[in-house]
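Student: Based on what follows, work out the 3D shape:
(chains A and B)
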Amino acid sequence: MITEVLAALFVELPFETNYIASIVRVSLYVSLVAVVLSTLFSLPVAMVVGFSQFPGKSLVTAIINTGMGFPSVVVGLVVLFGLSSGGPLGFLDLVFTPEAMIISQFVLATPVITGVSLAAVTSVEENVRDAAYVMGGTRLDVALVVIKEARFGIATAILAGFGRAISEVGSVLIVGGNIAYADGTSYTRNLTTAIQLEARQGRFETAMFLGAILVGIVLLVNGLVTRMGGGGRAKR
Amino acid sequence: MILSTENVHHAYDGTQVFEGVSLSVDRGETLAIIGPSGAGKSTLLRLLALFEQPNEGRISYEDTDVWTLSDGKRLKIRRNVGMVFQEASLFDASTLRNAEYGLRVRQPWPKRVKNEIGDLVGKQNGTTEAALEALEVVGLDGKEAQDARSLSGGEAQRVAFARALAYDPDILLLDEPSSDLDPRNTAVLEAAISEARSRGIGIVIATHDMHQAKRIADRVGVLLGSEIIEIGSTKRVFENPHDERTRKFIDGELIY
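Tutor: Predicted coordinates:
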């Protein structure tokens, strides 16, 4: 809807408002679902890695940190292999669907959300956890206190994961296929893949407009991250 | 005796901290554990708070060995014990929410969720009254809406005490609660400790402040060299110590 309003302001735009709106819709749908799923997975992992002792903990931490910088095209390739008809998840028939894009963005966002959340939860003072425990808290109560104390850091992690997901192009192009319906609206075309396509076809105005929307979203997310960072509390 | 240790041996980080520590505390009495820094006073209190199991020996609550119980039954016992640390360790929330915490975790989940929603719309709930009353005991009535982490060090420690008092435990463990406080805040805290004692709460306070031990304790235990070398009434221990090391420690002559 916002896109439609924005497009209406530029009355001479040489492209379809519905086309733009559908691309933004697909982008937000894919990235938001991926980030929600990633958060649900990442938070418990961060808590377990942060506060449990187990063999291979250093290795798990190293994998999380390495995953934060993992090349998105490689992730796309691995997800495509997994979902293709000969792959282990081929029976799901998800190749070139928004759900395949969600899976690839989930893989990309998870290390970021887990890594930043891990740093946030482990920065919560031990004596605050002890206080929750000694007042009769169960493990769940202590975990909830930690999450609440680290809420600004965790929010930063989620926003950073969203930024990583919505701005990447390699993996969604590979697993989503950049497909539009016959009426021109998007099926698996998101902002980044559409920009790539429009620029390649010489429709620079459309590419620039899509780019402006993407930059706007990323700026908004970065603004929120900065704000959240300022609201966080370090050890004292 | 409501809470006791019997022949407790315990090592911490590879160092033997206790070798046969036995003590007990009853309802309505104050036991001060005195000893030099590093003697293991905090570790002893953490064992009494059931943070961890001693390597050997028995910790009993009303004559039941707590470490033979299931986690669920031990949780019930833990919920009869409160503890205040040397640092206030407050949560990032209002003074009132800090004071309410122990009461909240004792509520069944549906009620807790309802109270959390009530907080969002500014509605008082069943835990508020007891928390406000505890804040009043430590002289912080009127500051319930203030961000707890914006309080002074002395006020923060008083909130920590109120937070433990609010759920009316049988035992309160105080780990050098006034070591960083000025005389006024120390006096307020000691008055609150007396109030808790008068309510029948058993108190174990670890301190290296001899004067404080004399002021508030019914009995004193001297923790030195991995063991309680002497335990008895405050008057007797300070005026007529049976162990020469106790006398030297009290007189500041003991080199350790």
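Student: At the contact with chain B, which residues of chain A appear?
Tutor: A:125, A:127-128, A:130-138, A:141, A:145, A:148-149, A:233 (Cβ under 8 Å from any Cβ of the partner chain). Where C-beta positions appear, they are placed from N, C-alpha and C, glycine not excepted.
Student: Now which of the residues you listed would you call buried?
Tutor: A:125, A:128, A:130-137, A:141, A:145, A:149 (16 or more other Cβ atoms under 10 Å in any protein chain shown).
Student: Which members of those residues occur in strands, if any?
Tutor: Among those, none falls in strands (DSSP state E).
Student: So which residues of chain A form strands?
Tutor: So, for chain A - with DSSP E - there are no strands.
Student: shaky segments in it?
Tutor: The model of chain A has pLDDT under 70 over residues A:1-15, A:228-236.
Student: Determine the longest helix present in it.
Tutor: Longest helix of chain A, by residue count under DSSP state H: helix A:17-51.
Student: Mind giving me the packing neighbours of it?
Tutor: On a contact count with 3 or more Cβ pairs under 8 Å, 6 or more residues apart in numbering or on different chains; DSSP states H and E, helix A:17-51 meets helix A:2-9, helix A:57-67, helix A:98-122, helix A:139-149, helix A:151-167, helix A:191-200, helix A:204-231.
Student: Swap in 10 Å and give it another go.
Tutor: helix A:2-9, helix A:57-67, helix A:98-122, helix A:139-149, helix A:151-167, helix A:170-176, helix A:191-200, helix A:204-231 (3 or more Cβ pairs under 10 Å, 6 or more residues apart in numbering or on different chains; DSSP states H and E).
Student: circling back to that earlier point, can you tell me which of the buried ones among the residues of chain A next to chain B end up in helices?
Tutor: Those of those lying in helices (DSSP H): A:Val128, A:Asp130, A:Ala131, A:Ala132, A:Tyr133, A:Val134, A:Asp141, A:Val145, A:Glu149.
Student: Which of the residues you listed lies at the shortest distance from A:Arg25?
Tutor: Nearest to A:Arg25, judged by Cβ to Cβ, of these is A:Glu149 at 36.1 Å.
Student: pretty sure the closest one is touching A:Val128, no?
Tutor: Yes. Contact criterion Cβ atoms under 10 Å: A:Glu149 and A:Val128 qualify, at 6.0 Å.
Student: shared neighbours of those two, which are they?
Tutor: Residues touching both A:Glu149 and A:Val128 by Cβ atoms under 10 Å, 6 or more residues apart in numbering or on different chains: B:Phe91, B:Asp92.
Student: which residue packs closest to A:Thr185, ignoring adjacent ones?
Tutor: Of all residues not flanking A:Thr185 in the chain, A:Ser22 sits nearest, at 3.8 Å (Cβ to Cβ, 6 or more residues apart in numbering or on different chains).
Student: so B:Gly82, which of the three states?
Tutor: The three-state assignment at B:Gly82 reads strand, by DSSP: H, G, I helix; E, B strand; the rest coil.
Student: Of the helices and strands packed on helix A:17-51, which stretch is the most buried?
Tutor: Mean neighbour counts were compared across the helices and strands packed on helix A:17-51 using mean count of other Cβ atoms under 10 Å in any protein chain shown; the top stretch is helix A:170-176, at a mean of 26.
Student: Distance from the chain centre to stretch B:94-111, please.
Tutor: 19 Å (Cα atoms, centre = their mean, to the nearest Å).
Student: any bit of that stretch sitting next to chain A?
Tutor: Yes. Stretch B:94-111 reaches chain A (Cβ under 10 Å from any Cβ of the partner chain) through B:Asn98, B:Tyr101, B:Gly102, B:Leu103, B:Arg104, B:Val105, B:Arg106, B:Trp109.
Student: dump the residue contacts of B:Leu31.
Tutor: By Cβ under 10 Å, 6+ apart, the residues touching B:Leu31 are B:3, B:23-25, B:202-206, B:213, B:217-221, B:231, B:234.
Student: hey, where'd the helices end up in the stretch 51-200 of chain B?
Tutor: Remark: helices assigned in the stretch 51-200 of chain B by DSSP state H, counting those that start in this stretch are B:71-78, B:95-105, B:109-120, B:128-137, B:153-165, B:183-198.
Student: Figure out which of those helices is closest to B:Asp147.
Tutor: So among these, helix B:95-105 is nearest, using Cβ to Cβ, at 7.8 Å.
Student: avg pLDDT for that closest one?
Tutor: Summarised as a single mean, pLDDT over helix B:95-105 is 94.
Student: Using CSV, list the CA coordinates for that helix.
Tutor: Taking Å, rounded to 0.1, in the frame of the first residue of the first chain, the C-alpha atoms of helix B:95-105 are listed here in CSV:
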residue,chain,number,x,y,z
THR,B,95,11.6,-0.6,41.6
LEU,B,96,8.1,-2.2,42.0
ARG,B,97,8.7,-4.8,39.3
ASN,B,98,11.9,-5.8,41.0
ALA,B,99,10.2,-6.1,44.3
GLU,B,100,7.4,-8.2,42.7
TYR,B,101,9.7,-10.7,40.9
GLY,B,102,9.8,-13.4,43.6
LEU,B,103,6.0,-13.2,44.0
ARG,B,104,5.5,-13.4,40.3
VAL,B,105,7.5,-16.6,39.7
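Student: Near the residue lying closest to B:Ser37 once chain neighbours are set aside, how many other residues are there?
Tutor: Nearest non-adjacent residue to B:Ser37, counting by Cβ to Cβ, 6+ apart: B:His208, 6.4 Å away. Per other Cβ atoms under 10 Å in any protein chain shown, the neighbour tally for B:His208 reads 16.
Student: right, and B:His208 touches B:Ser42 too?
Tutor: No. B:His208 is beyond contact range of B:Ser42, at 11.2 Å (criterion: Cβ under 10 Å).
Student: on that earlier part again, report the two of the ones in helices among the buried ones among the residues of chain A next to chain B separated the most.
Tutor: A:Val134 and A:Glu149 (15.9 Å).
Student: chain center to the longest helix of chain A: distance?
Tutor: For helix A:17-51, the separation from the chain centroid amounts to 5 Å (computed by Cα atoms, centre = their mean).
Student: Overlap of the contact sets of B:His208 and B:Ser42?
Tutor: Shared contacts of B:His208 and B:Ser42, counting by Cβ under 10 Å, 6+ apart, come down to B:Ile33, B:Glu176.
Student: circling back: nearest to A:Ser84, out of the helices of the stretch 51-200 of chain B?
Tutor: In terms of Cβ to Cβ, the element of the helices of the stretch 51-200 of chain B nearest to A:Ser84 is helix B:109-120, at 44.2 Å.
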